[in-house]
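1. Need a 3D model of the sequence below.
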Amino acid sequence: REAVVSTQSTGGNLPFLEDDGKKITQSVTIMRYLGRKFGLYPSDPEELILCEIIEQEIYDLRNRITTACYDRYRARGPSFPASAKGVFDHEYLKGTLLRRLKERIPKFEKTLTKAFLLGDKPVYVDFLLYEYLDQLKLFLPEAFESCNNVLSYLSRFEKLPNLKEWFESEEYKQGNYINAPHADWNGKD
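-> Just a heads-up that it's a prediction; the model follows:
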């Protein structure tokens, strides 16, 4: 009951964070809030602009992987019947995403020349950047060939003291779904 009440008080949005009496929804808003709270948020306006650009670029790429992996024409139950006219072509959309990644990943390659996006310690957007670059690399590894800065960045992130134990755990190695089980690619297949 408490979870339902809490979820309703956040407009039904998940995930949500309750901290110091505040109820915060939306993943990026939560990430920014925690970044500010724990000193992982840039104070320099130019650095903040770079973080926001990277944040939006990575969401653009995440939206493209979603488009390539989910057949929006497939029936999802009584409330979501199948399309009578729609056609979904996973391989075509995957190829479209690969072409986009071959344009965009080299730009990350040029940007990720430091230990983390802004320097020697991660900021809030590094967590988002790691997550989605890792997912994209799993989905289309060929887009990351010869991108040593990006691959080194991912490796450094996995070695962060508070995260290394998680990345070495059996739970992590078993994998989690990146997309829902009904997606044409869900990260486990």
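2. same for the longest helix along the chain, what does it pack against?
-> Counting by DSSP state H, the longest helix found in the chain is helix 45-69. On a contact count with 3 or more C-beta pairs under 8 Å, 6 or more residues apart in numbering; DSSP states H and E, helix 45-69 meets helix 90-111, helix 124-139. C-beta: built from backbone N, CA, C; applies to glycine.
3. List the contacts of the last one.
-> Yep, that's helix 124-139 we're talking about. With C-beta atoms under 8 Å, 6 or more residues apart in numbering as the test, helix 124-139 has contacts from 28, 31-32, 34-35, 40-41, 51-52, 54-55, 58-59, 61-62, 65, 69, 94, 97, 101, 105, 108, 116-117, 143-144, 150, 153-154, 157, 178, 185, 187.
4. Geometrically speaking, which residue is the centre of this protein?
-> Per C-alpha atoms, centre = their mean, the C-alpha nearest to the average position across the chain is that of residue 132, at 3.5 Å.
5. so residue 18, which of the three states?
-> When classified by DSSP: H, G, I helix; E, B strand; the rest coil, residue 18 comes out as strand.
6. Report how many residues lie close to it.
-> 11 (other C-beta atoms under 10 Å).
7. Tell me how far it lies from residue 109.
-> As for residue 18, its distance to residue 109 is 39 Å (criterion: C-beta to C-beta, to the nearest Å).
8. Pull up the per-residue confidence for residue 78.
-> Residue 78 is assigned a pLDDT of 66 by the prediction.
9. again, but for residue 62
-> 87.
10. Then residue 189?
-> Looking at residue 189, the pLDDT reads 60.
11. ok, and which of the helices and strands packed on helix 45-69 has the densest surroundings?
-> Of all the helices and strands packed on helix 45-69, helix 124-139 carries the top mean neighbour count, a mean of 20, counting by mean count of other C-beta atoms under 10 Å.
12. just the angle between it and helix 90-111, please?
-> 140 degrees (axes from the mean of the first three to the mean of the last three C-alpha atoms, to 10 degrees).
13. so how far is helix 124-139 off the chain centroid?
-> Here helix 124-139 is found 5 Å from its chain centre; the criterion is C-alpha atoms, centre = their mean, to the nearest Å.
14. average model confidence for that helix?
-> For helix 124-139, the per-residue pLDDT averages 93.
15. Equivalent analysis for stretch 176-185, please.
-> pLDDT averaged over stretch 176-185 gives 74.
16. Residues touching that stretch, excluding its own?
-> In contact with stretch 176-185 (C-beta under 8 Å, 6+ apart) are residues 65-66, 68-71, 74, 76, 88, 90, 94, 135, 138-139, 186-188.
17. filter these to the buried ones?
-> 65, 68-71, 94, 135, 139, 186-187 (16 or more other C-beta atoms under 10 Å).
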